[in-house]
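[1] give me a model of this one.
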Amino acid sequence: PNGSFTEYQRLIASDTNLNAFDHFGASVAISGNTIVVGAPRYNGSGTDSGRAYVFEFDTTSCTQDCWSQDAILDDAGVGAEDAFGGAVAIDGTTIVVGAENDEVVTTGEGAAYIFIRSGSLWVADTGSPLGPNPPPVGWPPQVQFGGSVAVSGDLVAVGAEGDDTVANAGAVYIFKRTTGWAKEEKITGQAGPELFGSAIDLDGTTLVVGAPLATVGGITYAGEARVYDRALAGPPWWSLTTTLLPLQADNTTPDSGAFDFFGRAVSIDVSGVKEHIIVGAPDLPTGTDSGSAYLFQNKGAGWGQLAKFNASDAAAADDYGTSVSVGNAAVQVGAKRKDVIQTDDGAVYSYELTDTDDDGLSDALELKICNYPGAPLCTNINLADTDGDGTSDFDEIMMSDTDGDGFTNGDEWLIGSDPFDPTDTPADGDINNDGNVDTADVLLATRMATGLLTPTLEERLRGNVAPLTGGVPTPLDTVIGADDVLLIQRKALGLVNF
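    All right, here's what the predicted structure looks like:
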């Protein structure tokens, strides 16, 4: 994570303390000085009917705890087990609240409620609530229309992951506001089961939809994210322009794996100079189920991967990537099962994206390199080639060894070790990256040392461990040899640790 964040204020609903298991905070959205928070298990109009709360920031004379509750969102049509507030979205003066079990529009199919600001009040908008009309055939027992929602200007998108129009595939409904709200188009998944529509986001006229159970190249539940753009004239209004798939940290090698669930969370920002999409894959096997997130950028020629994110302290079952957000030159990635203070209390990781010179290194990273004691070079955030030698700052940094541990910065970033910490190297002996150094790694190292197996770059970096200096690997060559095999064997037997 880049930067430093301090908790500013904890938001608590005015009536939540009286009700256990409300799940206040199950969904959150922000726009400008307004935050909307869902509590889908609030017992209002019946058990688990749900509620949503609006908080406003005092921009006048407030100096502390400036967020205050402004409104409670509810509707007469909300009833028991509707889960109103399970999904929320806001853009300016329009709020959308999903209720995936609602029966007000069609029996058990779900609904999405629209609220607009009128003076100092939030009121139901004309045409609210929205529903899947005509009612589609869904997975038993529900279509789950409203399980995800998004809004941008006069457009609203509503996900229905249980929609069975295409067998077990899911769907997304697009609505447009004129005098009221009317369905503009329905986009269906390609083949079931996909959970298409379980995660959606909308910015301007660009929509991104997650399909976390999609099969990719025969790989089960690898997942996809699909980008749709709205035409100037229709119908059809919406067309698929890009299918996003994960790549490894080199932004070249495919990274799809079974049960990765790539697309379980998505976020898009096309409002700035640079257009970004972040996609979460919470069940990747980097550590068991530690998770990853992938950042894509549209540079005019289409969407391409810009970076792969993993937690700096990744551990098994973190679910890193279970929620994501991108905007204002920053990325946030949630890890709902990260053990921080207690088991599964969760964490959020934030990353800086500002890259003034567009050389592939964020301003924050370039400044960190510049201020690092003994750094081989000091880059300038306003120039792509500081020293004018024809080699970009990015390439020079990737080929440098900032912390002097014998591994280039590029190699360390590839593996996930810290290029600014000489005690944190990718050489750990865990060649197969299963979290343990054992007989399997010894056998792999032996085959590589005898020429029977050619290691990948990552395998070589992990297996090239000898010699140790002060207990830290400081390899003098770039191959896995007999000295490396012996050291890995000693670690597997518990005779040495590094």
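
[2] please count neighbours and contacts with C-alpha atoms only from this point.
    Fine.

[3] need the contact list for Glu459.
    Ile431, Asn432 (CA atoms under 8 Å, 6 or more residues apart in numbering).

[4] where's it relative to Ala445, distance?
    As defined by CA to CA, to the nearest Å, Glu459 lies at a distance of 9 Å from Ala445.

[5] mutual contacts of the two, please.
    Among the neighbours of Glu459, those also in contact with Ala445 (CA under 8 Å, 6+ apart) are Ile431.

[6] quick one: pLDDT of the residue nearest to Met399 when sequence neighbours are not counted?
    Spatially, and ignoring its direct neighbours in sequence, Met399 is nearest to Thr408 (5.5 Å; CA to CA, 6 or more residues apart in numbering). Looking at Thr408, its pLDDT stands at 79.

[7] with Pro282 instead?
    On pLDDT, Pro282 comes in at 91.

[8] which residues touch the residue nearest to Gly302 when sequence neighbours are not counted?
    Across the structure, with CA to CA, 6+ apart as the measure, the residue nearest Gly302 apart from its sequence neighbours is Thr242 (7.8 Å). Contacts for Thr242 (CA under 8 Å, 6+ apart) come out as Arg226, Val227, Tyr228, Gly302, Trp303.

[9] and Thr242, its phi and psi?
    As for Thr242, its main-chain torsions (degrees, to the nearest 10) stand at phi -150, psi 140.

[10] so where's the chain shaky on pLDDT?
    Judged against pLDDT under 70, the low-scoring parts of the chain cover residues 1-7, 16-20, 104-108, 133-141, 272-273, 284-289, 300, 354-387, 392-395, 413-416.

[11] circling back to that earlier point, what's the spacing between the residue nearest to Gly302 and Thr215?
    Thr242 is 16 Å from Thr215, by CA to CA.

[12] ok, Ala171 next?
    When distances are taken as CA to CA, Ala171 and Thr215 turn out to be 17 Å apart.

[13] of those two, which one has the most company?
    Ala171 (30 against 22; other CA atoms under 10 Å).

[14] I figured the more buried one hits Asp163, correct?
    Yes - judged on CA atoms under 8 Å, Ala171 makes contact with Asp163 at a distance of 5.7 Å.

[15] ok, and for stretch 239-259, which residues are buried?
    Judged by neighbour count (16 or more other CA atoms under 10 Å), stretch 239-259 contains these buried residues: Leu244, Leu245, Pro246, Leu247, Gln248, Ala249, Asn251, Ser256, Gly257, Ala258, Phe259.

[16] ugh, wrong one, stretch 303-319
    Burial within stretch 303-319, assessed by neighbour count using 16+ other CA under 10 Å, is assigned to 303-311, 314-319.

[17] same check on stretch 14-34?
    Neighbour-count burial for stretch 14-34 [16+ other CA under 10 Å]: Asp22, His23, Phe24, Gly25, Ser27, Val28, Ala29, Ile30, Thr34.

[18] count the residues that sit near Ile72.
    That count, for Ile72 with other CA under 10 Å as the rule, works out to 16.

[19] any idea how far the nearest residue to it once chain neighbours are set aside is from Gly25?
    Nearest-residue entry for Ile72: Tyr53, 4.6 Å, with adjacent residues in sequence omitted and distances by CA to CA, 6+ apart. Using CA to CA, Tyr53 is found at 10 Å from Gly25.

[20] shared neighbours of those two, anything?
    Common neighbours of Tyr53 and Gly25 (criterion: CA under 8 Å, 6+ apart): Val37, Gly38, Ala39.

[21] hey, what's the first one bridged with?
    With DSSP bridges as the criterion, Val37 is bridged to Val28, Tyr53.

[22] so where do the helices sit in the stretch 101-250 of the chain?
    Taking DSSP state H, counting those that start in this stretch as the criterion, the stretch 101-250 of the chain contains no helices.

[23] mind listing the strands for it?
    111-118, 121-124, 145-152, 155-160, 171-177, 181-188, 199-203, 206-211, 224-230, 238-244 (DSSP state E, counting those that start in this stretch).

[24] what strands line up against the shortest one, and which way round?
    Sheet pairing here is set by DSSP bridges, and for strand 121-124 it gives strand 111-118 (antiparallel).

[25] so for the strand it pairs with, what gets flagged as buried?
    In strand 111-118, counting by 16+ other CA under 10 Å, buried: Ala111, Ala112, Tyr113, Ile114, Phe115, Ile116.

[26] got it, and stretch 51-70?
    By neighbour count on 16+ other CA under 10 Å, the buried set for stretch 51-70 is Arg51, Ala52, Tyr53, Val54, Phe55, Glu56, Phe57, Trp67, Ser68, Gln69, Asp70.

[27] mind picking the two most distant members of these?
    Arg51 and Phe57 (20.4 Å; CA to CA).

[28] look up how far Ser271 lies from the residue lying closest to Gln144 once chain neighbours are set aside.
    Spatial nearest neighbour of Gln144, chain neighbours left out: Glu100 (4.5 Å); criterion: CA to CA, 6+ apart. Between Glu100 and Ser271 the computed distance is 29 Å (CA to CA).

[29] do the same with Pro282
    26 Å.

[30] comparing these two, which residue is more hemmed in?
    Using other CA under 10 Å as the criterion, Pro282 and Ser271 rank with Pro282 on top: 29 against 12.
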